[in-house]
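>>> this one's sequence-less:
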């Protein structure tokens, strides 16, 4: 187990495969098709990969599959680019553009947001507020993975994909260079905002509070996973340890530089 400072928060939005029984009938897929879609779209084992052993207070994890409700999307489809692909907060399309759900009623959408989306964002906001109160700093690690080959829904269809993708926000990600250097020195091929970009920041702090730092880390799944099954491969423990070590190295360097500059 690697100890992270209490101002580090691990946000794990897409590793759950749980499909609540009371929403199952919303989906147009049979059981085998739904199982295949969950396999394709889940960031399998990212909780264990990034945050195994981390105190619960420092982890905010979505408890249901992103197919039920995607907490990383904007709640309002008018502001969510992926809504045009049927993948706003409430997905209507599969990874290959097929019908995922029966038409969603206003009541169903409201219930999904009230049950899963808003409590999740409230929990992330609270964790961020707590870190700021206790440490005057909150660093959100947005934990993801991505398949070795792009899925049809993805905007970036480039076949050659880096092993590590670092997603940034111009206001909230001051440590991107240090993270890139840490992973590069560990022998990983790194893409900055490629094939994915951006990072999660609670709305209350977005573009307003520079004490809230956020970076998205996307790990190519074949590094740590058997993609056909979603199960860890034989390198899982090594990759997990190296990811954590690179994170600690970059965060430590940034903290020293930033707070040395402020003092």
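Perfect, I can see it now. Computed from a predicted model, the values in this text were never measured in an experiment.
>>> In what element of secondary structure is residue 187 found?
Using DSSP states H and E, residue 187 sits in no helix or strand.
>>> My error: substitute residue 108 in the last question.
helix 106-112.
>>> What residues of that helix count as buried?
By 16 or more other CB atoms under 10 Å, the buried positions in helix 106-112 come out as 109, 112. Glycine gets a C-beta too; all of them are placed from N, C-alpha and C.
>>> and it, how far from the chain's centre?
Between the centre of helix 106-112 and the centre of its chain there are 24 Å (CA atoms, centre = their mean, to the nearest Å).
>>> One more: stretch 36-54?
10 Å.
>>> In the protein, where's the longest helix?
Under DSSP state H, the helix in the chain containing the largest number of residues is helix 236-262.
>>> Where does the prediction get shaky in this protein?
1-2, 260-263 (pLDDT under 70).
>>> What segments of it are strands?
Here the chain has its strands, by DSSP state E, at 8-12, 59-61, 138-146, 164-167, 190-192, 212-220, 225-226, 231-232.
>>> export those strands to a markdown table and tack on distance to residue 120 and mean neighbour count?
Shown next, in a markdown table, are the strands of the chain (distance: least, CB to CB, whole Å; neighbours: other CB atoms under 10 Å):
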| stretch | distance to residue 120 | mean neighbour count |
| --- | --- | --- |
| strand 8-12 | 9 | 24 |
| strand 59-61 | 7 | 21 |
| strand 138-146 | 13 | 24 |
| strand 164-167 | 19 | 24 |
| strand 190-192 | 27 | 18 |
| strand 212-220 | 16 | 24 |
| strand 225-226 | 24 | 20 |
| strand 231-232 | 25 | 14 |
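>>> now the ones you listed in TSV, with distance to residue 247?
Output for the strands of the chain, formatted as TSV (distance: least, CB to CB, whole Å):
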stretch	distance to residue 247
strand 8-12	8
strand 59-61	14
strand 138-146	7
strand 164-167	11
strand 190-192	13
strand 212-220	8
strand 225-226	19
strand 231-232	19
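>>> Would you tell me which of those strands gets closest to residue 86?
strand 138-146 (18.9 Å; CB to CB).
>>> What strands line up against that closest one, and which way round?
strand 8-12 (parallel), strand 212-220 (parallel) (DSSP bridges).
>>> Including distance to residue 256, could those go into JSON lines?
Shown next, in JSON lines, are the strands paired with strand 138-146 (distance: least, CB to CB, whole Å):
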{"stretch": "strand 8-12", "distance to residue 256": "15"}
{"stretch": "strand 212-220", "distance to residue 256": "14"}
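>>> my read: residue 141 touches residue 12, true?
No: Residue 141 lies out of contact with residue 12 (CB atoms under 8 Å); the separation is 9.1 Å.
>>> which neighbours do those two share?
residue 50 (CB atoms under 8 Å, 6 or more residues apart in numbering).
>>> Distance from the chain centre to stretch 252-259, please.
Using CA atoms, centre = their mean, the offset of stretch 252-259 from its chain centre is 24 Å.
>>> I meant stretch 28-46, not that one.
17 Å.
>>> Now do the buried residues in that stretch.
29, 34, 37, 38, 40, 41, 42, 43, 44, 45, 46.
>>> same question, stretch 196-212
Using 16+ other CB under 10 Å as the test for burial, stretch 196-212 gives 196, 197, 198, 199, 200, 201, 202, 205, 209, 211, 212.
>>> I'd guessed the fifth one sits against residue 214; true?
Yes: distance between residue 200 and residue 214: 6.0 Å, which falls inside the contact criterion (CB under 8 Å).
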